[in-house]
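Trainee: Need a 3D model of the following:
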Amino acid sequence: MRKVLLLFNVLLILLGCTDNSNEPVTPSLTVDMVKGNYSTIVFNLTENTTLTDILAAGGFININLLSDRTTTGQFFIPKVISGDSSDTNLNLEGTFSIINDSVEFQQNADTFIRDIKWAFKENKLTGKFVSSSTIIFVQLQK
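Mentor: Sure thing, here's the model as predicted:
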């Protein structure tokens with residue numbers, strides 16, 4: 001009787017294991033998915049509780065992700081936002097990596113861009129940089 005119960009339990013376990021090979025698999029992030037030209041659609045800076053729309057003030061990030069994992073582009077912040085005596089205009093030449101389904105940038109330009117793990121969804125790259133009293137939220141779209 002014990003053998004019959006044991007065989008019955010094994011049979012139930014085996015029948016409970018299904019082959020999910022016909023279910024759609026969510027693809028991991030690939031270079032082909034993320035490559036393209038991106039323009040800024042949201043660029044906000046929050047310092048303490050003050051929100052500044054950098055995009056509305058003329059700031060932007062334009063970046064091109066190429067299939068060889070290199071980048072070109074421009075990072076622009078008008079002096080009215082930066083408080084500097086001149087506009088901040090930086091070259092975004094560098095490379096990008098895909099790590100754990102996020103995009104990371106390696107560039108000579110010293111910006112928050114390279115400090116963010118960018119999420120990719122629906123042809124948008126979304127990044128959020130947080131420091132002690134500052135939050136920068138950016139969304140780029142192909």
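Trainee: just the strands in this protein please.
Mentor: Remark: strands assigned in the chain by DSSP state E are 36-47, 50-53, 60-65, 70-77, 88-91, 94-99, 102-107, 119-121, 124-130, 134-141.
Trainee: residue nearest the centroid of the chain?
Mentor: The centre of the chain sits closest to residue 118, judged by C-alpha atoms, centre = their mean, with a distance of 1.9 Å.
Trainee: Any idea what that one is bridged to?
Mentor: Per DSSP bridges, the residues bridged to residue 118 are residue 103.
Trainee: Show the pLDDT at it.
Mentor: On pLDDT, residue 118 comes in at 98.
Trainee: quick one on the thing from earlier: JSON lines please, covering the strands of the chain and showing mean neighbour count and distance to residue 29.
Mentor: Where C-beta positions appear, they are placed from N, C-alpha and C, glycine not excepted. Compiled in JSON lines, these are given as follows (neighbours: other C-beta atoms under 10 Å; distance: least, C-beta to C-beta, whole Å):
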{"stretch": "strand 36-47", "mean neighbour count": "16", "distance to residue 29": "13"}
{"stretch": "strand 50-53", "mean neighbour count": "12", "distance to residue 29": "29"}
{"stretch": "strand 60-65", "mean neighbour count": "20", "distance to residue 29": "12"}
{"stretch": "strand 70-77", "mean neighbour count": "18", "distance to residue 29": "16"}
{"stretch": "strand 88-91", "mean neighbour count": "14", "distance to residue 29": "25"}
{"stretch": "strand 94-99", "mean neighbour count": "15", "distance to residue 29": "5"}
{"stretch": "strand 102-107", "mean neighbour count": "18", "distance to residue 29": "7"}
{"stretch": "strand 119-121", "mean neighbour count": "14", "distance to residue 29": "6"}
{"stretch": "strand 124-130", "mean neighbour count": "17", "distance to residue 29": "11"}
{"stretch": "strand 134-141", "mean neighbour count": "18", "distance to residue 29": "15"}
